[in-house]
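Trainee: What follows is a predicted protein model with its sequence.
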Amino acid sequence: MEVAKVNYQLFQLINDRAGRVDGLDDVMEFAADRLIYGVFAGFAAIVVWALLRRRLEAVAKVFAALLLAFAGAQLLSHLNGQPRPFQTHRVHQLIAHAPGVSLPSDHATAAFGIALAVGVFLHRGWGMVLLVAAAALGLARIWVGVHYPGDIAAALLVAVAAVAVVAHTPFATFVRKST
């Protein structure tokens, strides 16, 4: 079976449930549109905590991974012209969104990138919390009709690759260790 067909079938499986239960739709709309701000706020707090503990190299690695994830997502979106689901199909679109390239999801790339980078470089527990939020955000972006499941999976893969590259690349120490 063709990948695009499976992607659309998975999209339908999730998005067809939208519009049935108003309370659930409200939660999904919040997660799709606003949860990213909570992820950013949590990330900012964790970075401040790490900086206060002088974990400068770890923080630098987090930002390097995020920069690499952003660059990878931009490259992928320019190489791929897949339009958003609501541009080519009849969908339950619960939030307004401009037309454009769908793959990968910028929201999911940011959320997964933050979660994985925090988990690998700063704090495993908070990374897991952020990973749950990223997964909820990704599911919600499909539910509300603005992304395909493949867009979310691509965002996760971009984030994994970016964190892996930074984790396995020698990194200059920015802080002289005291003796």
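Mentor: Arrived safely.
Trainee: Quickly note the distance from Gln12 to Leu157.
Mentor: Gln12 sits 22 Å away from Leu157, going by CB to CB, to the nearest Å. All C-beta atoms are positioned from the backbone trio N, CA, C, and that covers glycine.
Trainee: Oops, could you answer that again for Gly119 instead?
Mentor: As judged by CB to CB, Gly119 and Leu157 stand 16 Å apart.
Trainee: So between those two, which is more surrounded?
Mentor: When Gly119 is set against Leu157 and neighbours are counted by other CB atoms under 10 Å, the residue ahead is Gly119, at 18 against 15.
Trainee: Run through this protein and note the low-pLDDT ranges.
Mentor: Of all residues in the chain, those with pLDDT under 70 make up the ranges 1, 171-179.
Trainee: Next, name the residue at the spatial heart of it.
Mentor: Ala108 (2.1 Å; CA atoms, centre = their mean).
Trainee: Which strand or helix spans the nearest residue to that one once chain neighbours are set aside?
Mentor: Closest residue in space to Ala108, ignoring its immediate chain neighbours: Ala155 at 3.6 Å, by CB to CB, 6 or more residues apart in numbering. Ala155 belongs to helix 149-167 when elements are defined using DSSP states H and E.
Trainee: name the helices or strands packed onto that helix?
Mentor: Helix 149-167 sits against helix 3-15, helix 56-79, helix 106-117, helix 124-143, with contacts defined as 3 or more CB pairs under 8 Å, 6 or more residues apart in numbering; DSSP states H and E.
Trainee: which residues touch Ala134?
Mentor: Taking CB atoms under 8 Å, 6 or more residues apart in numbering as the criterion, Ala134 is in contact with 39, 108, 111-112, 114-115, 156.
Trainee: Please tabulate the residues you listed in JSON lines and include distance to Ala45 as additional columns.
Mentor: Output for the contacts of Ala134, formatted as JSON lines (distance: CB to CB, whole Å):
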{"residue": "Val39", "distance to Ala45": "11"}
{"residue": "Ala108", "distance to Ala45": "21"}
{"residue": "Ala111", "distance to Ala45": "16"}
{"residue": "Phe112", "distance to Ala45": "19"}
{"residue": "Ile114", "distance to Ala45": "12"}
{"residue": "Ala115", "distance to Ala45": "14"}
{"residue": "Leu156", "distance to Ala45": "23"}
